[in-house]
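J.: need a 3D model of the following:
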Amino acid sequence: MTQAYRVEKDSLGEMQVPADALYGAQTQRAVLNFPISGQRPYPAFVWAQALIKRAAAEVNRDLGLLDERLAGAIVAAAQEVLDGKHASQFVVDPFQAGAGTSHNMNVNEVIANRANQILGYALDDPKKPVSPNDHVNMAQSTNDTIPAAIRLGALWRLDALLGAIDGLADALDAKAAEFDDVVKSGRTHLQDAVPVRLGQEFGGYAQAVRNDRERVATAADRLRRLGIGGTATGTGLNAHPEYHARMVARLSELLGQPLRSAGNLFEAMQGQADAADFSGSMRTLCVTLTRIANDFRLLSSGPSTGLDEIRLPAVQPGSSIMPGKVNPVLAEMLNMASFHVQGCDYTVALAAQAGQLELNVMMPIIAHNLFEMEHVLIGAITAFTE
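T.: Numbers count the residues shown, from 1 in each chain. Predicted structure coming up:
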């Protein structure tokens, strides 16, 4: 079947875009330029950008810079994205142009075209009034919205991550109490040492997880520093003098979490140390999770010829050839998830140090890996706990 197209324009000229797509020419160029992984942006990245677009429309309207009618349509369109609608329209591969211009424009174009529909204009109407650049992106640049979106997207999933960590610590504490009267051999160097109680062993695991939870929460607090309003290089070019402060306040309200100014808007764009720090806190958590998972595998080994000190739930057959064999599959899964997250952290570290002068152009891969780390950890820790 022949797909129907409409013609959209950007600064390079005309592009054919699928007739019913909410995105426009710049997004279509990115789709054609970057057929890399077949992946799409994490919902957290889309959500965070949409939150910025909604807040910016409200702030620019209140400053008298954006027509109230256009602002209302942009706010309504952005809220639809925040509510999870139009997810199929965010199509740019995580491996894309530096800094995240393609992702920023994908969000700008979708919100602009949906706002035009809300105002009663067809997607192919040459008179549609809302511009993705002039209105949705007003007082913004890719260079300040993407760093802010990385922070906001990570904070959006923070409660779920901390909840998963708390759930594991609570479960380990419960087992520590349940096993408190079980005396066993302690081991150092994998050799028998002095007696310990199994409850003490599990209590140590619980405390280690709580220590890492503290590290994650502390690192996440530094993500609350926003440089939104620095626009292209930190100077605030094309933004109202009050825009930065008003954006921080409005984003705090919309996110439902306290945010604060980065103070120096140049640093907020030049560096990604806060993202690397948060990534590192998740890596350290994975060091602990790997150690605990390995201990579970050791303590349950055998059972006939191993330690056989704990029995893990049998959740699936462990062999295609040996009847009755059961493996510690959830501990093995937690190992694999932890290894993957530590690999993501290495990518974040490399990308964070790869910035030059006024900008880090590796932000798309920082964003993708941070959101993947949170997503995988939430799922893996929850499954292991249960």
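J.: can we go C-alpha only for contacts and neighbour counts from here?
T.: Fine.
J.: any idea how many residues pack against residue 102?
T.: Other residues near residue 102 number 24, with proximity taken as other Cα atoms under 10 Å.
J.: for the host helix or strand of residue 295, packing partners?
T.: In this structure, residue 295 sits in helix 273-299 according to DSSP states H and E. Contacts of helix 273-299 with other secondary structure elements, assessed using 3 or more Cα pairs under 8 Å, 6 or more residues apart in numbering; DSSP states H and E, are made with helix 198-221, helix 329-352, helix 363-385.
J.: nearest to residue 60, of those helices?
T.: In this view, the helices and strands packed on helix 273-299 are compared for proximity to residue 60 by Cα to Cα, and helix 363-385 is the closest at 25.9 Å.
J.: tell me how far residue 139 lies from residue 272.
T.: In this structure, residue 139 lies at 22 Å from residue 272, with Cα to Cα, to the nearest Å as the measure.
J.: repeat that for residue 169.
T.: When distances are taken as Cα to Cα, residue 169 and residue 272 turn out to be 30 Å apart.
J.: domains for this structure, by residue range?
T.: The record's domain parsing of the chain by the TED database lists 18-138, 153-225+270-385.
J.: how long is the first one from one end to the other?
T.: In domain 18-138, first residue to last residue: 26 Å (Cα to Cα).
J.: let me see the ranges of the helices in the protein.
T.: Along the chain, the stretches classed as helices by DSSP state H are 25-33, 43-62, 68-82, 101-118, 142-156, 158-178, 198-221, 243-255, 265-270, 273-299, 329-352, 363-385.
J.: and the third one, what does it pack onto?
T.: This points to helix 68-82. Secondary-structure packing of helix 68-82 (3+ Cα pairs under 8 Å, 6+ apart): helix 43-62, helix 101-118.
J.: who wins for proximity to residue 82 among those helices?
T.: Residue 82 lies closest to helix 43-62 among these, at 5.4 Å (Cα to Cα).
J.: and of the helices and strands packed on helix 68-82, who's closest to residue 162?
T.: helix 43-62 (16.2 Å).
J.: quick one: contacts of that closest one?
T.: Contact partners of helix 43-62, identified using Cα atoms under 8 Å, 6 or more residues apart in numbering, comprise 66-68, 71-72, 74-75, 78-79, 81-82, 87, 90, 104, 107-108, 135-139, 145-146, 149-150, 152-154, 156-157, 243, 246-247, 250-251, 254, 367-368, 371.
J.: how far is that helix from where the chain is centred?
T.: Counting by Cα atoms, centre = their mean, to the nearest Å, helix 43-62 is centred 16 Å from the centre of its parent chain.
J.: could you list the buried residues of it?
T.: In terms of neighbour count (16 or more other Cα atoms under 10 Å), helix 43-62 has its buried residues at 43-61.
J.: next one: stretch 356-367
T.: Burial within stretch 356-367, assessed by neighbour count using 16+ other Cα under 10 Å, is assigned to 358, 359, 360, 361, 362, 363, 364, 365, 366, 367.
J.: and the nearest residue to residue 152 once chain neighbours are set aside, how far from residue 15?
T.: Of all residues not flanking residue 152 in the chain, residue 48 sits nearest, at 5.6 Å (Cα to Cα, 6 or more residues apart in numbering). Shown here: residue 48 relative to residue 15, a distance of 27 Å by Cα to Cα.
J.: and for residue 127?
T.: 18 Å.
J.: how about residue 280?
T.: Look at residue 280 and residue 15: by Cα to Cα, they are 42 Å apart.
J.: so for the two, which residue has more residues nearby?
T.: residue 280 (22 against 18).
J.: any idea of the pLDDT on the more buried one?
T.: Looking at residue 280, its pLDDT reads 98.
J.: that one against residue 347, yeah?
T.: No: under the criterion of Cα atoms under 8 Å, residue 280 is not in contact with residue 347, lying 11.0 Å apart.
J.: tell me the most buried of the domains of the chain?
T.: Greatest average neighbour count among those goes to domain 18-138 (a mean of 20), per mean count of other Cα atoms under 10 Å.
J.: any idea of the mean pLDDT for it?
T.: Averaging pLDDT residue by residue across domain 18-138 gives 98.
J.: same question for stretch 333-346.
T.: If you average the per-residue pLDDT over stretch 333-346, you get 98.
J.: what does it rub up against?
T.: When contacts are taken as Cα under 8 Å, 6+ apart, the neighbours of stretch 333-346 outside the stretch itself are 276, 279-280, 282-283, 286-287, 289-290, 293-294, 369-370, 372-373, 376-377, 380-381, 384.
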